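Asker: sequence and computational prediction follow.
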Amino acid sequence: MNNFFLPLKVNVHLTNYCSYECDYCFFKEKKELNKEKMSLEIIDKIIFFMKYYKVPLVSICGGDPLLSENFLYLSEELLKNKNYIVVATNANNLTFDYVKKMKKIGIRYLQIGIDRISNLKEINYKEDGHILKMLKSIEKLKKVGIKYGIATCVTKENIAELFEVVNFAKKNGAELLKISFYIGNIPKYKLKNDEKEKLLNKIKKYNKKNENYIKTNLIEESLHYSSKYPTITITTVGEVLVEENNLKLGNIMDDDIGKLYYNYIKELK
Ligand code: SF4
């Protein structure tokens, strides 16, 4: 009997392919966009370890994980094993057929990325008509009863519009709005610390009157849970990284990832 374990939440980068090429994309900046899809061997290892260590929450993201031909397989296996999943997608091409398949295997929640409320590509960086397209996808989700939230990456360019996105999310029935801050190095998008602080204070005020509608890791009370055990990310090539500092612990194809994580936590103490 060992004491190995995994954190409450594990992120899985199922693919770094995406239908878009947002200028501020983390993968684009690292020149990794549209380069790699997770192999079935790695996916099967993930299914095994998530079950073995009873991980409560698995966030399936990318790129756009819905572009992976193995997305439904991974989701179904995790759900069968009682790992709750959240899917982070841009949901830009949802057909009714696909939405029904997601519902059938038990997917209950999608996190849809929307950064600006504009239908113009030169502003939203995705495509002309983006918001209209999103609304069509959202209608399909509502019809089958899959809930959704909106995720926004805040940059220097859209910070002034954040509350427009909040209003859009509320008006269209999103359960919540999750924000993260741009973490790259392009000056045009990079926020200064005082700009972030100012926004966080505004969010705190807003949240007091709106039942913590805006969630961010930087405001603990806005989250549904918090944990002293940091989240890990499994990349498309199976690398196991600590989310908060990107430290590489090893590779899922070579190691017991519960052991890797246990050793990391032990060293921190
Ligand atoms: S939608 Fe997301 S993953 Fe796709 S290019 Fe834009 S930022 Fe990157």
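Answerer: On my side now, so go ahead.
Asker: what does stretch 145-163 rub up against?
Answerer: Residues outside stretch 145-163 that contact it (C-beta atoms under 8 Å, 6 or more residues apart in numbering): 24, 88, 91, 99, 102-103, 107-117, 138, 141, 165, 168-169, 173-182, 188-191, 195, 199, 206. In this view, the C-beta of every residue, glycine as well, is placed from N, C-alpha and C.
Asker: try it again at 6 Å.
Answerer: Contact with stretch 145-163 is made by 24, 103, 109-116, 141, 165, 169, 174-182, 189, 191, as judged by C-beta atoms under 6 Å, 6 or more residues apart in numbering.
Asker: how far is it from where the chain is centred?
Answerer: The chain centroid and the centroid of stretch 145-163 are separated by 12 Å, computed with C-alpha atoms, centre = their mean, to the nearest Å.
Asker: cool, stretch 92-100 as well?
Answerer: Centroid separation between stretch 92-100 and its chain, computed with C-alpha atoms, centre = their mean, is 19 Å.
Asker: contacts only, for residue 229.
Answerer: Residue 229 touches residue 7, counting by C-beta under 6 Å, 6+ apart.
Asker: helix or strand for it, just tell me which one.
Answerer: Under DSSP states H and E, no helix or strand contains residue 229.
Asker: now it: how far from residue 10?
Answerer: Computed as C-beta to C-beta, to the nearest Å, the residue 229 to residue 10 distance reads 11 Å.
Asker: just the strands in the chain please.
Answerer: For the chain, strands defined by DSSP state E occupy the ranges 9-13, 57-61, 84-89, 109-113, 147-154, 177-181, 214-215, 232-234, 239-242, 248-251.
Asker: tabulate these in TSV, adding columns for mean pLDDT, distance to residue 43 and mean neighbour count.
Answerer: As requested, those are exported to TSV (pLDDT from 0 to 100; distance: least, C-beta to C-beta, whole Å; neighbours: other C-beta atoms under 10 Å):
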stretch	mean pLDDT	distance to residue 43	mean neighbour count
strand 9-13	98	8	23
strand 57-61	97	10	21
strand 84-89	96	13	21
strand 109-113	96	20	20
strand 147-154	96	23	21
strand 177-181	96	25	20
strand 214-215	96	28	22
strand 232-234	98	10	22
strand 239-242	98	14	19
strand 248-251	98	14	16
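Asker: which residues of the stretch 1-150 of the chain lie near the ligand?
Answerer: Residues of the stretch 1-150 of the chain lying near the ligand by C-beta under 6 Å from any ligand atom: 18, 20, 21, 22, 25, 27, 62, 63, 90, 113.
Asker: leaving out the residues flanking it, which one is nearest to the residue in the stretch 51-200 of the chain positioned nearest to the ligand?
Answerer: Proximity of the stretch 51-200 of the chain to the ligand (C-beta to the nearest ligand atom) peaks at residue 90, 4.5 Å away. In this structure, residue 90 finds its nearest non-sequential neighbour in residue 113, 4.9 Å apart by C-beta to C-beta, 6 or more residues apart in numbering.
Asker: residue 151 versus the one you found, what's the distance?
Answerer: In terms of C-beta to C-beta, residue 113 sits 5 Å off from residue 151.
Asker: what does residue 94 give?
Answerer: 16 Å.
Asker: tell me what the closest residue to residue 141 other than its chain neighbours is bridged to.
Answerer: Ranked by C-beta to C-beta, 6+ apart and with sequence neighbours excluded, the top spatial neighbour of residue 141 is residue 148, at 5.4 Å. Judged by DSSP bridges, the bridge partners of residue 148 are residue 110.
Asker: good, wrapping up.
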